[in-house]
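Undergrad: Predicted model, plus sequence, below.
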Amino acid sequence: MGLRSLLLHAWAYRKDLALIIALSMLGSAASLSIPWLAARLLGGVIEIRSDQLALMVVLLIVALIIFTGLRITSALVSGVVGSKIEADFREDIYAHVQRLPLGFFDHNRQGDLLALLTWEVSRLSAFLSSTLTSVPAALMTGAGALVILFVLDPLLAFLLPVLLPLYYVTLKVVGRRLRTLATQVQQAEANVFAIAEEDLEMLPAIKAFAREKVRLATYRKVVNKARRLKIHEQKIYAVMGPTLTLITSLAAVVLLLFAYQGVVSDRMSMTELFSFLFYATLLTGPVGSLADLYGQLNSARGTLERLHHVLREAPEPGYANARNNRRFRGWITFSNVWFSYRDRDDTLRDLNLEISAGEIVALVGDNGAGKSTIVKLLLGFYLPREGEIRLDGTDVRDVSLRQLRRSIGYVPQRPLLHNGTVKDNLVLGLKDISEQDVERACRLAQAHDFITRLPKGYATRIGDHGVRLSGGQRQRIALARALLSDPPILVLDEATSMYDLEGEAAFVEACQNALLGRTVILITHRPASLALADRILTISDGEIVGEEMRNSYNSESAAPSLATSMDRSKGRKF
Ligand SMILES: Nc1ncnc2c1ncn2[C@@H]1O[C@H](COP(=O)(O)OP(=O)(O)OP(=O)(O)O)[C@@H](O)[C@H]1O
């Protein structure tokens, strides 16, 4: 995303931005009248001509009030528009980030994304709504002042071209260095953000292993790197802005000398001399702000590069697929599936697997064998390199991702909970869920009893990632959440690994009925949970190396129970 694409993005706000530009240009017009009026007033005072003094005072006050009013209005409008652009930007980027495949997050730091979504986007919006929009007015003021100076004494025309090469050389010399520096500063600042974010999340481990000093040293290192780079950058700006202003001021002094010659030779009145002085001073303002613009442009480019890195990433395929209201039965097939994570050897090798609708299959095998990967592929989190995954005979690539995922109740190994109440975590944004449904799912997951013993029951807040709950309690909530949406397929990835034996036995007992008619993939090593399985598959090194039939599963018998399940889906009974 370059400056051009930023401008294309800004096109959506053209009316608002045009209003800010118009207001600041009107302000610039008012500012151009002030030196003229002030010079006439001063000229009148010095030459003791009282004829137009009163008029000049009134006009000057009016011009000053108009100028101030316009500046206030344009600052207000620019603040409002800037916030609007910022909010839209954040929402767009967030929506895009949400749709990115999980593989993207395996290789990008959360902290970098957070920095981008927060302060980097704020700065970019401010750049668009206030810095860029001030350029036309600055140009107008500068050009206006120049023209008036020309009109006052055309001789000056010969001096002006001298300014341009000086200006150009100064910008060129420092510009290249500033550009790389701006990117480095942004990177360093994002690092500070990312390390802080990571450490806050890791704090219990940092404390447990008494690594506070080491982590503080790492943090100090990135903070100092950012500080050094910023000081370097500020030094350049500190020199560049005033140097450019000095060039302009020196030129103004030379202009004044010429003007003085004009007064001496009676070519110019005192009023015109003051006009010279004031317009030459007015000229330094836009020069300074254009130099500032140059600096901010470099910073904005850094953010744009990082934004481009995120926005060029393609969203997960499958969002656009048409949805239909079909409820899947839960017949799953993997045919000759090969898969490897980025920069890794094959995790799944020519995997063939069929799970009938209503069947309960347990996947067992060593750590890292590829069990979770199988379900991540089924959920469409990652795409197979070769082979096909089908649901009820339809290639999952042709199913809408939302529909696919809503058909699967997924309980991951690590329960993912947020800082809200127990109920918020259970419903996770779903609106039309009754209290009874919530309670039923919780009873099934053996969560209801402990929840009612919490200080505020279902309304108890559980802290960041559910930190105020035990590991087993978190798992029970995650399981209840999956059961709540009544999906035809349930994936339980070590979902009861932290349950106490009694809790697990009660869950298995309660499941005998509840899981009937659903396709269930259990990843577990726990004997009690294995007892639920109709079939146990052993996975080793990405391949199925063993199969054991357990309960007498009969696909024919799945049909009636499935119907029962579908009926249940309406009344949400388990
Ligand atoms: N996001 C990832 N990026 C790269 N490699 C990964 C990623 N996730 C898993 N792996 C690797 O893929 C392999 C299979 O991992 P997977 O999580 O499927 O194993 P598993 O059988 O579920 O193991 P466990 O019983 O320990 O949960 C492992 O070698 C693991 O290191």
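TA: That came through fine.
Undergrad: which stretches of this protein form strands?
TA: Counting by DSSP state E, the segments of the chain that form strands are 332-340, 346-355, 360-365, 386-391, 394-395, 408-411, 489-493, 519-523, 535-540, 543-549.
Undergrad: quick one: contacts for the closest residue to residue 139 other than its chain neighbours?
TA: Computed as C-beta to C-beta, 6 or more residues apart in numbering, the closest residue to residue 139 that is not its neighbour in sequence is residue 286, at 6.9 Å. No exception for glycine: its C-beta is placed from N, CA and C like everyone else's. For residue 286, the contacting residues are 138, 139, 141, 142, 145, by C-beta atoms under 8 Å, 6 or more residues apart in numbering.
Undergrad: Go again with 6 Å.
TA: Residue 286 makes contact with 138, 141, 142, according to C-beta atoms under 6 Å, 6 or more residues apart in numbering.
Undergrad: Turn those residues into TSV, including pLDDT and distance to residue 424.
TA: Converted to TSV, these look like this (pLDDT from 0 to 100; distance: C-beta to C-beta, whole Å):
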residue	pLDDT	distance to residue 424
138	89	50
141	90	54
142	86	56
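Undergrad: out of those, which are inside helices?
TA: 138, 141, 142 (DSSP state H).
Undergrad: thought the first one was touching residue 287?
TA: No. Here residue 138 does not reach residue 287: they are 8.5 Å apart, not a contact under C-beta atoms under 6 Å.
Undergrad: Domains in the protein, by residue range?
TA: Following the TED database, the chain resolves into domains at 3-312, 332-549.
Undergrad: Could you pull up the mean pLDDT of the shortest one?
TA: This means domain 332-549. The pLDDT scores in domain 332-549 average 90.
Undergrad: same question, stretch 245-259
TA: Stretch 245-259 comes out at a mean pLDDT of 74.
Undergrad: what comes up buried for it?
TA: Across stretch 245-259, burial judged by 16 or more other C-beta atoms under 10 Å covers 245, 247, 248, 249, 251, 252, 255, 258, 259.
Undergrad: for stretch 442-449, same thing?
TA: Neighbour-count burial for stretch 442-449 [16+ other C-beta under 10 Å]: 442, 443, 444, 445, 446, 447, 448.
Undergrad: Convert it to CSV, retaining C-alpha atoms only.
TA: What follows is stretch 442-449, C-alpha atoms only, in CSV (Å, rounded to 0.1, in the frame of the first residue of the first chain):
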residue,chain,number,x,y,z
CYS,A,442,-23.5,-26.8,31.2
ARG,A,443,-25.0,-29.8,33.0
LEU,A,444,-23.9,-32.0,30.2
ALA,A,445,-20.4,-30.7,30.3
GLN,A,446,-20.4,-31.1,34.1
ALA,A,447,-20.0,-27.4,34.5
HIS,A,448,-23.3,-26.3,36.0
ASP,A,449,-22.6,-27.2,39.6
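Undergrad: contacts for it?
TA: Against stretch 442-449 from outside (C-beta under 6 Å, 6+ apart): 476, 477, 479, 480, 483, 503, 506, 507, 510, 514, 574.
Undergrad: Can you give me the distance of the nearest residue to the first one once chain neighbours are set aside to residue 473?
TA: Counting by C-beta to C-beta, 6+ apart, residue 476 lies nearest to residue 447, which is 3.7 Å off, once chain neighbours are set aside. Applying C-beta to C-beta, to the nearest Å, the value for residue 447 to residue 473 is 7 Å.
Undergrad: same check, this time on residue 397
TA: Counting by C-beta to C-beta, the gap from residue 397 to residue 473 is 38 Å.
Undergrad: Comparing the two, which residue is more hemmed in?
TA: Neighbours per residue (other C-beta atoms under 10 Å) separate residue 397 from residue 473, with residue 473 holding more: 23 against 16.
Undergrad: Show me what residue of the stretch 101-250 of the chain gets nearest to the ligand.
TA: residue 106 (4.3 Å; C-beta to the nearest ligand atom).
Undergrad: how deep is residue 12 tucked in, by neighbour count?
TA: If we define neighbours as other C-beta under 10 Å, then residue 12 has 11 of them.
Undergrad: Also residue 10?
TA: 17.
Undergrad: Let me know the pLDDT of it.
TA: Looking at residue 10, the pLDDT reads 79.
Undergrad: repeat for residue 559
TA: Looking at residue 559, the pLDDT reads 34.
Undergrad: for residue 101, what are its contacts?
TA: Counted by C-beta under 6 Å, 6+ apart, residue 101 has contacts residue 316.
Undergrad: what's the nearest residue to residue 81 if we skip its chain neighbours?
TA: residue 16 (4.3 Å).
Undergrad: can I assume that neighbour is in contact with residue 79?
TA: No. With contact defined as C-beta under 6 Å, residue 16 does not count as touching residue 79 (11.4 Å).
Undergrad: For the ligand, see how far away residue 485 is.
TA: Using C-beta to the nearest ligand atom, to the nearest Å, we find residue 485 at a distance of 23 Å from the ligand.
Undergrad: count of residues packed around that residue?
TA: If we define neighbours as other C-beta under 10 Å, then residue 485 has 18 of them.
Undergrad: Phi and psi next, for it.
TA: phi -90, psi 0 (degrees, to the nearest 10).
Undergrad: Show me what the residue lying closest to it once chain neighbours are set aside is bridged to.
TA: Nearest residue to residue 485, sequence neighbours excluded (C-beta to C-beta, 6+ apart): residue 409, at 6.0 Å. Beta-bridge partners recorded for residue 409 (DSSP bridges): residue 490.
Undergrad: Quick check: residue 409 vs the ligand, distance?
TA: From residue 409 to the ligand the distance is 18 Å (C-beta to the nearest ligand atom).
Undergrad: swap in residue 470?
TA: 21 Å.
Undergrad: Ok, residue 70 next?
TA: Relative to the ligand, and taking C-beta to the nearest ligand atom, residue 70 is found at 56 Å.
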